[in-house]
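Q: Provided below are the primary sequence and the corresponding predicted coordinates.
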Amino acid sequence: MTTGENERPNVFTCEISGTGKVRDGRAIMKVVMPSGETIEFETNAEFNLDGFFTDAIAAIEKARKKMRELTAADYYVSDMEEMFVAIRSANVRGKLWPVEIALLGIKDGDEYVWSSPIYPALSWPRQIIDLSEIDLRDSPPATDVARETLERISRASGKWCHAEDPQHTKKLLDRLLDEANLGFTSDEAVIPVDVEWGRDGAAAGGRVREYLVTHPALLDPVEQVQRLSRAWAAGYS
């Protein structure tokens, strides 16, 4: 099998088999790459052979592109002093599903921001793609984003991150991380941004809350974590 229109031909052997799952009348197949990585894809509705291999190649190329995007992020910064999280969601029949996440870490006065849209996992409602406020068609899959998210949270010195609404954020974060089977729950990993720490904690928490009231929440997760960072600075700087 070869992939990449503008690349040197890359010939390799892979195994294609069924998963036993069906979505919207399309069988869900899987490709096992030489590295052992498994990539799932949907067949065409007619299940003709030419279209079948075209779908498989497209799935492989899409996975390779997404992995390049993920590994392009910086991995060298650790021991973040503070970290903030915000998640955009889509509402499907009264239930919220994560569609975009952003994290902002602070170290030595510098800010490090990472964000990613989230392509719905196979077990999630298909309607998420249509109801999302952002285009998800070329987004990294939920499992990849989940692993990347946990990797980044682990770089916080306290292994937690701040959110404006911890309970709401925990539900969305757990829904995302569950897809990667990482055995992680956010019970102690997400804490309020106005948490009162230290001797000046009560006054600092009050300054954080005052900033949040005078600067309304933002829909864009990147802008939201930047807002939370500024609120934290207003309280504790």
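A: Now that the structure is in, tell me what you want to look at.
Q: Break the protein down into its structural domains.
A: Taking automatic domain parsing as the reference, the chain has its domains at 15-71, 82-236.
Q: Check the offset of the longest one from the chain's centre.
A: Looking back up the chat, that one is domain 82-236. Relative to its chain's centre, domain 82-236 lies at 9 Å (C-alpha atoms, centre = their mean, to the nearest Å).
Q: Grab the most central residue of the chain for me.
A: Centroid check for the chain by C-alpha atoms, centre = their mean gives residue 145 as the closest residue, at 3.7 Å.
Q: still on that earlier bit, tell me which of the domains of the chain sits most buried.
A: Stretch with highest mean neighbour count among those: domain 82-236 (a mean of 18; mean count of other C-beta atoms under 10 Å). To be clear about C-beta, it is placed using only N, CA and C from the backbone, and glycine gets the same treatment.
Q: Average the pLDDT values over that one and round to the nearest integer.
A: For domain 82-236, mean pLDDT rounds to 89.
Q: Now do the strands in this protein.
A: Along the chain, the segments classed as strands by DSSP state E run 15-23, 26-32, 38-42, 82-92, 95-107, 110-117, 161-163, 190-192.
Q: Just send these back as JSON lines, with distance to residue 141 too.
A: Listed next are these as JSON lines, based on distance: least, C-beta to C-beta, whole Å:
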{"stretch": "strand 15-23", "distance to residue 141": "14"}
{"stretch": "strand 26-32", "distance to residue 141": "13"}
{"stretch": "strand 38-42", "distance to residue 141": "9"}
{"stretch": "strand 82-92", "distance to residue 141": "16"}
{"stretch": "strand 95-107", "distance to residue 141": "12"}
{"stretch": "strand 110-117", "distance to residue 141": "10"}
{"stretch": "strand 161-163", "distance to residue 141": "22"}
{"stretch": "strand 190-192", "distance to residue 141": "23"}
